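Student: A structural model of the following input is requested.
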Amino acid sequence: MQVPLYLINEADGTPLPHSSFILDVPNDRKSQFNMINSDGKPKIVIGFTTHEEPKVLYDDLVKFKAYTHKTGLLCTVLERTVTEKFLMMTLNVETRVYINSLNPIGANGELYTTLEYVAEDFLPVEETVINEIRDVIKLAKSNHKLFGRKFVSEINQAEELIIQLDILANKLLLNPTERLAYVQSEDNIERFKQVVEAYTAYVKAPPQQKPNDNQHTKARLPSTPSSIKQKLAQLVIPDEIREQIQREINKLDNIQEKTAEYGSVLDYLTWVLDVPWGKYSYNSEYSLENLFEQLGSSHYGLDDVKAHILEHATIEKLCGKSAGSVLCFIGEPGTGKTSIAKEIAKVTGRKLIRIALGGLSDEAELRGHRKAYIGSRPGRFITGLKKAKSMTPLFVLDEIDKMTTHKGDPAAALLEVLDPEQNDAFVDRYLEVPVDLSQAMFICTANNEHSIPLALKDRLEFIQFKSYGKLERLKIAKDYILPRLLKELGVSELSISFTDETIEYVAKATQIRQIEKHLRKLIRMAAVDIVIHKKDTVLIDKEYLQTAPFYKTRNISVGFSTRE
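Tutor: Predicted coordinates:
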């Protein structure tokens with residue numbers, strides 16, 4: 001039996017067997033999907049390609065074979081919806097098939113393939129793996145709270161083990177590259193190992209990182225005027241923004257699909273609709289006491305810094321809005337400026353977005369590029385909102401003292417964003433509509449106050465991060481960095497210990513990052529000795545320390561300072 005073949009790339013999504021998938025087929029390719037198979041159900045085969053423009057491969061079978069993966073997916077068409085530009089099909093993805101023989105049919109170069117199914121049965125020698133798969137599936141089915149009743153019901157209805165494995169993979173594998181590797185692999189053991197790794201990561205992930213039941217379905221971009229209108233109708237946005245979007249939709253209706261302008265307008269609409277209008281993640285009910293405790297448990301010392309942050313947060317809670325000025329952390333590298341910001345974001349429930357300003361010289365990087373230019377995109381604040389999926393992120397503007405001026409004035413753009421009198425109607429040059437940034441929080445970092453542009457200094461409230469002394473570095477290395485690294489590197493259960501003399505030597509490094517780097521190296525060395533060389537315990541003393549690559553027997557060591 002010959003079945004229509006349709007190529008998709010990573011941008012279209014990566015479906016897995018025994019799932020549903022929505023496919024948009026342009027009008028110039030939909031003629032091949034009018035065929036009805038002998039069982040009365042329309043079927044197609046989805047193939048995967050690495051080419052950015054799959055449709056160009058239909059006319060060149062040599063290129064087709066070079067850019068197309070061997071394995072595809074056989075699908076049954078459940079529903080078809082014809083729009084002005086697309087044939088939208090809802091598919092039931094059934095099983096994997098090989099794409100071997102190709103048969104061009106029709107004047108438009110449509111391709112069909114004969115069906116050759118991939119063998120999905122487990123071999124008798126794989127009995128151990130079969131039992132392990134059953135154990136993992138049993139664990140997943142028993143945890144309704146973690147996986148959801150819909151998933152448990154779906155996997156209970158599947159009788160074959162391979163189908164249960166596919167359903168579990170569809171739930172756990174979210175990265176398109178991982179999903180494609182699962183589809184293309186012919187080794188069931190490798191596919192099972194891939195699912196087990198994803199299962200372990202899923203179980204350990206914090207609740208807010210859990211994927212929902214709908215994440216396995218392709219996240220489609222708005223691709224037709226009708227679908228864009230549906231999304232627009234659901235947004236709560238000011239009338240002027242709605243009118244701007246509607247004008248662009250009307251323009252899209254009157255443009256030929258194959259023109260460059262059509263793609264530009266579609267790209268613009270996608271961006272403006274991806275702004276998280278009206279969505280907020282900020283927890284206004286956070287506890288000031290909790291903020292103080294969190295800063296104290298995560299950072300040693302810095303009492304003046306913590307007191308200043310607490311004052312700022314107290315006024316913000318009393319006023320119900322930003323305290324007016326923007327905090328700017330001043331200090332040498334490795335003194336805790338960015339990590340303090342991370343703790344603030346964690347306690348207040350804001351999504352942290354870092355914007356590196358070091359070396360930035362083009363104002364358009366912040367304000368966006370005008371959409372008339374090819375390849376234009378919004379600035380970093382709009383892309384940050386999209387990434388945060390919230391209008392209330394914490395923007396950390398790193399190295400504000402290292403901006404330069406080449407195209408326009410980046411400092412002027414920052415001035416507009418950081419000024420509470422202006423940022424409630426920030427206009428990105430690409431979007432050309434006002435965006436309210438007043439609910440976001442901004443923290444700047446710098447190494448040197450004197451290098452910050454004068455126009456910005458009036459908007460900033462400086463907090464000095466002083467360098468740590470010898471005793472402070474020793475305390476941080478012993479009580480903060482070392483316990484965290486042992487847990488982070490997964491060696492808490494191994495018998496690894498440090499002498500005080502070793503920690504004192506490592507703590508001579510003037511930067512906290514350098515101390516962490518050296519401790520991390522020693523822990524990795526000890527882990528190798530226990531796991532590979534089968535040592536029961538490892539004591540990292542002076543003799544062991546001398547085998548580390550950073551150790552020097554001279555008075556002045558690389559990375560260390562003799563001055564205190």
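Student: Glu116: how many residues sit nearby?
Tutor: 10 (other Cβ atoms under 10 Å). Using the backbone N, CA and C atoms, a C-beta is placed for each residue, glycine as well.
Student: just Lys65 next, same as before
Tutor: 12.
Student: how about the nearest residue to the residue positioned nearest the centre of the chain, chain neighbours excluded?
Tutor: Residue closest to the mean C-alpha point of the chain, counted by Cα atoms, centre = their mean, is Lys387 at 7.7 Å. Leaving out its chain neighbours, the residue that sits closest to Lys387 by Cβ to Cβ, 6 or more residues apart in numbering is Ile353, at 6.2 Å.
Student: Can you list the neighbours in contact with the helix or strand containing the one you found?
Tutor: Element membership for Ile353 (DSSP states H and E) is strand 352-356. With contact meaning Cβ atoms under 8 Å, 6 or more residues apart in numbering, strand 352-356 is reached by 338, 341-342, 345, 380-381, 384, 387-388, 393-399.
Student: Just give me the closest of the residues you listed to Val136.
Tutor: Proximity of those to Val136 was ranked by Cβ to Cβ; the top entry is Lys387 with 32.4 Å.
Student: What separation do you get for the closest one and Lys43?
Tutor: 39 Å (Cβ to Cβ, to the nearest Å).
Student: can you check Glu449 too?
Tutor: Glu449 is 68 Å from Lys43, by Cβ to Cβ.
Student: With neighbour numbers in mind, choose between the two.
Tutor: Per other Cβ under 10 Å, whichever of Glu449 and Lys43 has more neighbours is Lys43, with 20 against 13.
Student: just checking, the more buried one touches Cys75?
Tutor: Yes - assessed by Cβ atoms under 8 Å, Lys43 is found in contact with Cys75 at 6.6 Å.
Student: Kindly report the domain assignment for this protein.
Tutor: 2-114, 124-209, 225-271, 288-465, 470-545 (automatic domain parsing).
Student: From start to finish, how long is the longest one in a straight line?
Tutor: Using Cα to Cα, to the nearest Å, the span of domain 288-465 from its first residue to its last is 21 Å.
Student: Pull up the distance across stretch 436-446, start to finish.
Tutor: One end of stretch 436-446 to the other measures 26 Å (Cα to Cα).
Student: Not counting its own residues, what contacts it?
Tutor: Here stretch 436-446 has contacts from 280, 282, 321-322, 326-330, 337-338, 341, 344, 348, 350, 381, 385, 391-402, 417-418, 420, 423-426, 452, 460, using Cβ under 8 Å, 6+ apart.
Student: How about Phe550: what's its closest non-neighbour residue?
Tutor: Using Cβ to Cβ, 6+ apart and skipping residues adjacent in sequence, the residue nearest Phe550 is His518, 5.5 Å away.
Student: So for Tyr551, which of the domains of the chain sits nearest?
Tutor: Ranking the domains of the chain by proximity to Tyr551 (Cβ to Cβ) places domain 470-545 first, at 5.5 Å.
Student: Output the below-cut-off pLDDT ranges for the stretch 451-564 of the chain.
Tutor: Applying pLDDT under 70 to the stretch 451-564 of the chain flags residues 552-564.
Student: where do the helices sit along it?
Tutor: 454-457, 470-476, 482-488, 500-506, 512-531, 542-545 (DSSP state H, counting those that start in this stretch).
Student: just to revisit the earlier point, which SSE is immediately downstream of the helix or strand where the residue nearest to the centre of the chain lies?
Tutor: Lys387 belongs to helix 380-388 when assigned by DSSP H and E. Per DSSP H and E, the first helix or strand lying C-terminal to helix 380-388 is strand 394-398.
Student: Report the inter-axis angle for that following strand versus helix 380-388.
Tutor: 130 degrees (axes from the mean of the first three to the mean of the last three Cα atoms, to 10 degrees).
Student: Just want the angle from the very next helix or strand once past strand 394-398 to strand 352-356.
Tutor: Downstream of strand 394-398, the first helix or strand assigned by DSSP H and E is helix 410-418. Interaxial angle, helix 410-418 versus strand 352-356 (the same axes, to 10 degrees): 160 degrees.
Student: Can you show me the strands along the stretch 201-350 of the chain?
Tutor: 326-331 (DSSP state E, counting those that start in this stretch).
Student: thinking again about what came up before, measure the residue nearest to Phe550 to Ser142 for me?
Tutor: Separation of His518 from Ser142 (Cβ to Cβ): 44 Å.
Student: Looking at those two, which one has more neighbours?
Tutor: A direct count of neighbours by other Cβ under 10 Å for His518 and Ser142 places His518 higher, at 25 against 10.
Student: show me the contacts for that one.
Tutor: Contact partners of His518, counting by Cβ under 8 Å, 6+ apart, are 506, 509, 548, 550, 559.
Student: Let's see if you can find the most crowded of those.
Tutor: Highest neighbour count within these, by other Cβ under 10 Å: Val506, with 30 neighbours.
Student: Confirm Gln6 sits in a strand?
Tutor: Let me fix one detail, which is that residue 6 is Tyr and not Gln. Yes - under DSSP: H, G, I helix; E, B strand; the rest coil, Tyr6 falls within a strand.
Student: mind checking which helix or strand of the chain has the lowest mean pLDDT?
Tutor: In the chain, the helix or strand scored least confidently by mean pLDDT, DSSP states H and E is helix 144-147, which has a mean of 69.
Student: which strands and helices sit next to the helix or strand following it?
Tutor: Using DSSP H and E, the next helix or strand after helix 144-147 towards the C-terminus is helix 149-157. Other helices and strands packing on helix 149-157, by 3 or more Cβ pairs under 8 Å, 6 or more residues apart in numbering; DSSP states H and E, are helix 127-142, helix 161-172.
Student: quick check: mean pLDDT across the first one?
Tutor: In this case it means helix 127-142. For helix 127-142, mean pLDDT is 76.
Student: buried ones in it?
Tutor: 133, 136-137, 140-141 (16 or more other Cβ atoms under 10 Å).
Student: what's the neighbour count on the residue nearest to Lys387?
Tutor: Neighbour tally, Ile353, other Cβ under 10 Å: 21.
Student: got it, and Leu235?
Tutor: Leu235: 14 surrounding residues under other Cβ under 10 Å.
Student: Give me the residues contacting stretch 412-420.
Tutor: The contact list for stretch 412-420 (Cβ under 8 Å, 6+ apart) reads 322, 324, 326, 363, 366-367, 379, 381, 397, 400, 422-423, 426, 437-438, 442, 455-456, 459-460.
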